[in-house]
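Asker: all I have is the shape, not the residue letters:
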């Protein structure tokens, strides 16, 4: 097929992209702003900045790509490193960038340069997700670079059809993933995913998704001596743990060297690669210095195979290049106390009033003398702290009460802040703290791999469905489109959309149940032995025989007691919050806690005004600490000087005590997501007050349950 030439073409100087930039992870280049002016109406409004370009030298090799944005220095084009290698040029060389048209790909054959990609949980899913997210074109003979969870994989494009350069944007293609080979063409051995038994030398213990490695070393359950480990700070070292199903266990990591520290994470062996932002369990208690401990209950949720649950443990040296430690795996015994008399009987004990611990009564006097002199009980975290450390005792208020972290060590405090509160960058570009990142990667990230509930293909999740009803059912845009296909119902032969088939079949089952229930109801008659209690027969009319009325005690005559109708409640007075207000100045509980504290108490107008002024002053000068806060009256968006903030705080506080009150507090991430959820539900034709009540009533069922509640209880939205 002959491609029609386009008019636009420029001669630009190559600039190599930074290794960790967005440009380096795909085929999207950056052009200067003057190119945007020249292209003009050539840009497609439906798919902005996704034009196809040819980057070539006169008489030299050709490479195809797309445009990311127009922020490059004038006269330059910022390209990924693999593109410059394919062109056989370096920084400063001039290339010709021309607009072109490419056919949609029909088939693609790819070959990893090394076997590192096959060490990932699902190499094909990783490759397809990375290509669909960061690549628009593929050119035969090039070696592209794919980034995934901090690792970089070089992939050789062996074949593409129907031409030597194709577009893979918004198209479904089958990827032929071929094994890696050496320089002589011999196939390289694949890394072992998970050994069936213990074994392996300690030198082969460490493994990482970023490098070729041997099978991970197995940590044996019940081995008191433990498994010696040498961890590095460059990559995660992976280890295999096999535990009988329905067994609680503990993983303890202790340092053996004089220096160094470690961070550790635990997840299912057959799950995604274990990292700081992607795991199931980690150490949540204690200082976490010089080692860590992970306690896992029997209800961990990991599926068993042949009576065993297999876990992957990831270790990495913290704040150092290398550390030595020992890992032990032990089963936790159930709390069973001996019964009966004699020496096995439980010893009488009492609670120490100072440390709140159970102490044998015979040792209580000696214990009290030592405990009251050296220890102090912290009422906030319920931990016993040495009196010498009470001044440095610290609680992480950000994590509380999700994770009860408290320490008296500055080093432990610094480590906690680095691991828990350092912003991590997702492959989609969003930034979150560790816990939020885990939720984002598992449920909301558009780059995560999902299986379509209709076509059963594994693919990139993409954006949520645009249609409100589909978005409330948790569908992606692909599932919304894929579920729009129709199939014939096996019971009524009606054409039903796939995404509506489940509801359609439920209606059939309800109709069948109603038919069976009506058929099974007995009819009373005068010939029945029990008709003595029935009402007198009706008189004859036109030869119609007598028909006895049902008994007076029949449920047929029982009045149906109307169910109490829910009553709508006013919304929170804080702008953007859709929580249900409480009597405390018209605020929901979350906003009330921000302004007045967690204690539920009545306050007078003057106290409320003072609290509002103090809160607004801090909000305007210091901010709420949320980097994604969209409140224009927050220092994150617009920081004010103290004098200006004082006057503004008084102005805002007066609105808080007005009738009706109006507040402008910063909303948490949960409150912002709840607001977006409420707006989507309101598009079904309901007022926000009823939507807020539905979300409050259906805390466990999510948006689907709230939508069903609205359809059953809420009136239509009132006209403006």
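Answerer: In hand now; what should we look at? Just so you know, these numbers come straight off a predicted model, no measurement behind them. Residues are numbered from 1 along each chain as shown.
Asker: pull the number of nearby residues for residue 655.
Answerer: When neighbours are defined as other C-beta atoms under 10 Å, residue 655 has 14 of them. C-beta: built from backbone N, CA, C; applies to glycine.
Asker: and if you look at the one 4 residues further on?
Answerer: Summarising burial for residue 659: neighbours were counted as other C-beta under 10 Å, giving 6.
Asker: next, give phi and psi for it.
Answerer: phi -120, psi 110 (degrees, to the nearest 10).
Asker: now do the contacts for it.
Answerer: Contact analysis of residue 659 by C-beta atoms under 8 Å, 6 or more residues apart in numbering lists nothing.
Asker: how close does it sit to residue 420?
Answerer: Applying C-beta to C-beta, to the nearest Å, the value for residue 659 to residue 420 is 43 Å.
Asker: and the strands in the stretch 151-300 of the chain?
Answerer: Under the criterion DSSP state E, counting those that start in this stretch, the stretch 151-300 of the chain contains strands at 151-161, 165-167, 174-177, 217-219, 227-232, 237-244, 249-255, 261-268, 281-282, 291-296.
Asker: residues of the longest one that come out buried?
Answerer: Neighbour-count burial for strand 151-161 flags 151, 153-157, 160 (criterion: 16 or more other C-beta atoms under 10 Å).
Asker: mind checking the longest helix of this structure?
Answerer: helix 501-520 (DSSP state H).
Asker: residue 304 contacts residue 245, doesn't it?
Answerer: Yes: with contact defined as C-beta atoms under 8 Å, residue 304 counts as touching residue 245 (3.6 Å).
Asker: so how far is stretch 307-322 off the chain centroid?
Answerer: Its chain's C-alpha centre and that of stretch 307-322 lie 21 Å apart, by C-alpha atoms, centre = their mean, to the nearest Å.
Asker: which residues does residue 678 contact?
Answerer: Taking C-beta under 8 Å, 6+ apart, we find residue 678 in contact with 578, 688, 691-692, 695.
Asker: in this structure, which helix or strand is least confident?
Answerer: Ranking every helix and strand in the chain by mean pLDDT, DSSP states H and E puts strand 52-56 at the bottom, with a mean of 58.
Asker: so which helix or strand takes in the closest residue to residue 241 other than its chain neighbours?
Answerer: With sequence-adjacent residues excluded and distances taken as C-beta to C-beta, 6 or more residues apart in numbering, residue 241 is closest to residue 311, at 4.2 Å. Assigned by DSSP states H and E, residue 311 falls within strand 308-318.
Asker: list the buried residues of that strand.
Answerer: In strand 308-318, the ones that count as buried by 16+ other C-beta under 10 Å are 309-318.
Asker: and stretch 606-620, by the same measure?
Answerer: 608-609, 611-613, 615-617, 619-620.
Asker: of these, closest to residue 466?
Answerer: residue 619 (34.6 Å; C-beta to C-beta).
Asker: the helix or strand encompassing the closest one - what's its average pLDDT?
Answerer: In this assignment (DSSP H and E), residue 619 forms part of helix 605-621. Mean per-residue pLDDT for helix 605-621: 84.
Asker: rewinding a little: show me what counts as buried in the helix or strand just after the least confident helix or strand of the chain.
Answerer: Per DSSP H and E, strand 52-56 leads on to strand 62-72 as the next helix or strand towards the C-terminus. By 16+ other C-beta under 10 Å, the buried positions in strand 62-72 come out as 62-69, 72.
Asker: and the contacts of the helix or strand just after strand 62-72?
Answerer: Heading C-terminal from strand 62-72, the first helix or strand you meet, by DSSP H and E, is strand 76-79. Residues outside strand 76-79 that contact it (C-beta under 8 Å, 6+ apart): 12-17, 23, 29-32, 55, 65, 72, 95, 97.
Asker: next one: strand 76-79 to chain centre, how far?
Answerer: With C-alpha atoms, centre = their mean, you get 34 Å for strand 76-79.
Asker: go on, stretch 412-423?
Answerer: 20 Å.
Asker: pull out the buried positions in that stretch.
Answerer: Buried-residue list, stretch 412-423, by 16+ other C-beta under 10 Å: 412-413, 415-416, 419-420.
Asker: nearest to residue 647, of the buried residues of strand 151-161?
Answerer: residue 151 (52.7 Å).
Asker: look up how far residue 112 lies from that closest one.
Answerer: 12 Å.
Asker: cool, residue 16 as well?
Answerer: 23 Å.
Asker: looking at these two, which is more packed in?
Answerer: Under the neighbour definition other C-beta under 10 Å, residue 16 and residue 112 were set side by side, and residue 112 has more, 21 against 18.
Asker: pLDDT score assigned to the more buried one?
Answerer: 87.
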